[in-house]
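Trainee: fold the following and give me the result.
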Amino acid sequence: MSFIHESAIVSKKAAIGKDCYIGPFSTIGDDVALGDGVRLESHVVVDGKTSIGAETMIYPFVSIGLAPQDLKYGGEATETKIGARNHIREFATIHRGTAGGGGLTLIGDDNLIMAQAHIAHDCRIGNHVIMANAATLAGHVEIADRANIGAYSGVHQFCRIGYEAFVGGYSVVVKDAMPFATIQGNHAKCYGLNRVGMKRRGYSAEVIRDLNHAFHLLLTAKLNTSQAVERIEAEIKDCEEVDLLVDFIKSSKRGVVK
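Mentor: The predicted structure is shown next:
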């Protein structure tokens, strides 16, 4: 049986899974679906067409699925999808999508979204992502798996943050952050491979060596980006992580942080 506090306002049309907890003064709208074991602490608002996956923990004063802060939004039916086992901390805000941006804000599994973080309309976040306190994503931002966004950082519209990228605190990101990179600053600059993170996550010495060489060619070899990519492809073979880095650079529409 799920627990719903007597002061909570939960629509009879909402779908509430097994063993959920809905705390005091929380509000759940008509088109909300909560998976099994979802826990909402006090004063949580979930509205719009919103689904939240099993065992996700949502802390006080979080707002999910409300209309986006986009002046072009005209009340069209869009949605928010959040996966399983996420931790969404106090005062975080997550807005639903817009028709012009695909109509969906999507968050994967096992993410930590710290207090006061903001995820705007049509963002797409992968799995095992960490957004530290007050990290802010503008609309249409894409965050790949296992990326880390530092406290009080801002990511510009339509930017991508690559796999395992580390964005330092108080950064302003206006281009795509490459996979495995450490970037920081206003405007953010790339400081090379995130060696510490890669060692902690068990990457082999060979992979770290190959990626380090790739970042050397990109950042310090006095080559433009196209020349560096050609050198990387010629000099580094049979490394999936380097292939991922090259594919990310080639697919970038905004250019990459260097």
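
Trainee: and the contacts of the biggest helix by length in the chain?
Mentor: If each helix of the chain is counted by residues according to DSSP state H, the longest one is helix 205-219. The contact list for helix 205-219 (C-beta atoms under 8 Å, 6 or more residues apart in numbering) reads 178, 180-181, 190, 192-193, 195, 198-199, 223, 225, 228, 231-232, 235-236, 239, 241-242, 245-246, 258. (Glycine included, C-beta is placed from N, CA and C.)

Trainee: now these: which count as buried?
Mentor: Buried members of those, scored by 16 or more other C-beta atoms under 10 Å, are 178, 180-181, 190, 192-193, 198, 228, 231-232, 236, 239, 241-242, 245-246, 258.

Trainee: in strands, which of those appear?
Mentor: Among the buried ones among the contacts of helix 205-219, the ones falling in strands (DSSP state E) are A181, C190, G192, L193.

Trainee: CSV for those residues, including distance to G168?
Mentor: Shown next, in CSV, are these (distance: C-beta to C-beta, whole Å):
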residue, distance to G168
A181, 11
C190, 11
G192, 13
L193, 14
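
Trainee: report the rounded mean pLDDT for stretch 88-107.
Mentor: Stretch 88-107 carries an average pLDDT of 97.

Trainee: how far off centre is that stretch?
Mentor: 10 Å (C-alpha atoms, centre = their mean, to the nearest Å).

Trainee: next, the buried residues of it.
Mentor: In terms of neighbour count (16+ other C-beta under 10 Å), stretch 88-107 has its buried residues at 88-98, 101, 103-107.

Trainee: find the pair from the ones in strands among the buried ones among the contacts of helix 205-219 with maximum spatial separation.
Mentor: The span of these, defined through C-beta to C-beta, is set by C190 and L193 at 9.4 Å.

Trainee: mutual contacts of those two, please.
Mentor: A181, T182, F215.

Trainee: what about L34, distance to I52?
Mentor: Distance check for L34 against I52: by C-beta to C-beta, to the nearest Å, it reads 5 Å.

Trainee: go on, S2?
Mentor: S2 is 13 Å from I52, by C-beta to C-beta.

Trainee: and the closest residue in space to D210 that isn't next to it in sequence, what does it touch?
Mentor: Nearest residue to D210, sequence neighbours excluded (C-beta to C-beta, 6 or more residues apart in numbering): C239, at 4.5 Å. When contacts are counted by C-beta under 8 Å, 6+ apart, C239 touches E206, V207, D210, L211.

Trainee: and those, which are buried?
Mentor: Among these, those classed as buried by 16+ other C-beta under 10 Å are V207, D210, L211.

Trainee: got the residue ranges for the helices in this protein?
Mentor: Using DSSP H, helices in the chain cover 195-200, 205-219, 225-235, 240-251.

Trainee: contacts for the element among helices and strands of the chain having the smallest mean pLDDT, please.
Mentor: When the helices and strands of the chain are scored by mean pLDDT, DSSP states H and E, helix 195-200 comes last with a mean of 92. Contact with helix 195-200 is made by N148, E164, F166, F180, V207, I208, L211, N212, as judged by C-beta under 8 Å, 6+ apart.

Trainee: which one among those gets closest to H121?
Mentor: Nearest to H121 among the contacts of helix 195-200, counting by C-beta to C-beta, is N148 at 22.6 Å.

Trainee: give the contact list for the closest one.
Mentor: V129, I130, A132, A165, F166, V167, G197.

Trainee: ditto for V45
Mentor: If you count contacts by C-beta under 8 Å, 6+ apart, V45 has them with S26, T27, V62, S63, I64, L66.

Trainee: A84: which of these is nearest?
Mentor: Nearest to A84, judged by C-beta to C-beta, of the contacts of V45 is I64 at 14.9 Å.
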